[in-house]
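Asks: Have a look; sequence and predicted model below, questions after that.
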Amino acid sequence: MTLQEELDMLAYNHSACDVSDALLKLQQVPEGGTARAGFLADLTPFSPVIGRNDIARKIAAPATTFKFLNKNDSPPTLATENPEKHGFPPGKHWVDYAGDFAAADPSNAGLIMVIDQPEDQYCAVTGGIMAARMKMLGIRAAVVNGRVRDVRELHETDLPVWARGTSTVGTGAEAKAAVRDVPISIQGVTVSPGDIIFCDPMEGVVAIPRDLLGPILDLMPRMVRMDDQARAAVIDGMTVTEAFKTFRA
């Protein structure tokens, strides 16, 4: 089974909540830290349906990452020292690099673009033209830790797009793409290139570290069965304490 076939089965059979439950079991939390279980908080679907819904399809695919900065900030050293891999050489729009990570490793075909924008900005970093280009390059979804615009045009592309909010203002007012295919942090969750992003239109978005994908795929069916048994027992009159003790121990 190919990686994408495994991910399609994951999306078909499980929810983002199932993934977070498994990550709680498998991830090591630093001492004094808070377990985030891969949850990329405060993201909402804006295309093809606005808001949480059970109409749009669930999608799981590897991440390609893009980090934006203030338009007056200098790019990170990594981008200037290795522009062909991590930067944006002149003469090519940032979105045109969307397929490069997949081209370098065919197992990453069908990527989800994860875009990080500074929290204090009010412009959009993705709009209708960018979404159309992403779709043409084979991107399966865009997850924007920031703002998007041209929502009608986003719908026309049928590209799943998640974001924290919207704007009427174009990117050039405040922002610029500064570095790509590097680890980024979204609400305290690190997303590295190649990590698995699972977009669940009803429950939310989670990031799965690539090295934990196998253990998660092994663990989740067992955890789901235990929860199904506990739920059935509660419906039949058992207390939650008893059900957890009986089926989750």
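Replies: Alright, I've got the coordinates. Numbers count the residues shown, from 1 in each chain.

Asks: Straight-line length of stretch 141-159, end to end?
Replies: The distance separating the two terminal residues of stretch 141-159, taken as C-alpha to C-alpha, to the nearest Å, comes to 6 Å.

Asks: Okay, buried residues for it please.
Replies: Applying a neighbour-count criterion of 16 or more other C-beta atoms under 10 Å, one finds 141-151, 154-155, 157, 159 buried in stretch 141-159. To be clear about C-beta, it is placed using only N, CA and C from the backbone, and glycine gets the same treatment.

Asks: Please apply the same query to stretch 237-245.
Replies: Buried residues in stretch 237-245, counting neighbours by 16+ other C-beta under 10 Å, are found at 238, 243-244.

Asks: of these, closest to residue 133?
Replies: Of all these, residue 244 has the smallest distance to residue 133: 48.5 Å, by C-beta to C-beta.

Asks: Which helix or strand contains the closest one?
Replies: Assigned by DSSP states H and E, residue 244 falls within helix 240-247.

Asks: Which residues does that helix contact?
Replies: With C-beta atoms under 8 Å, 6 or more residues apart in numbering as the contact definition, helix 240-247 has outside contacts at 226-227, 229-231, 233-234, 238.

Asks: same check, this time on stretch 210-221
Replies: So stretch 210-221 is in contact with 6, 10, 13-14, 18-19, 21-23, 25-27, 62, 192, 194-196, 208, going by C-beta under 8 Å, 6+ apart.

Asks: From those residues, keep the buried residues only.
Replies: Burial by neighbour count, 16+ other C-beta under 10 Å: within the contacts of stretch 210-221 this picks out 10, 14, 18-19, 21-23, 27, 62, 192, 194-196, 208.

Asks: what's the most distant pair in the buried residues of stretch 141-159?
Replies: Of all pairs in these, the most separated under C-beta to C-beta is 145 and 155 at 20.9 Å.
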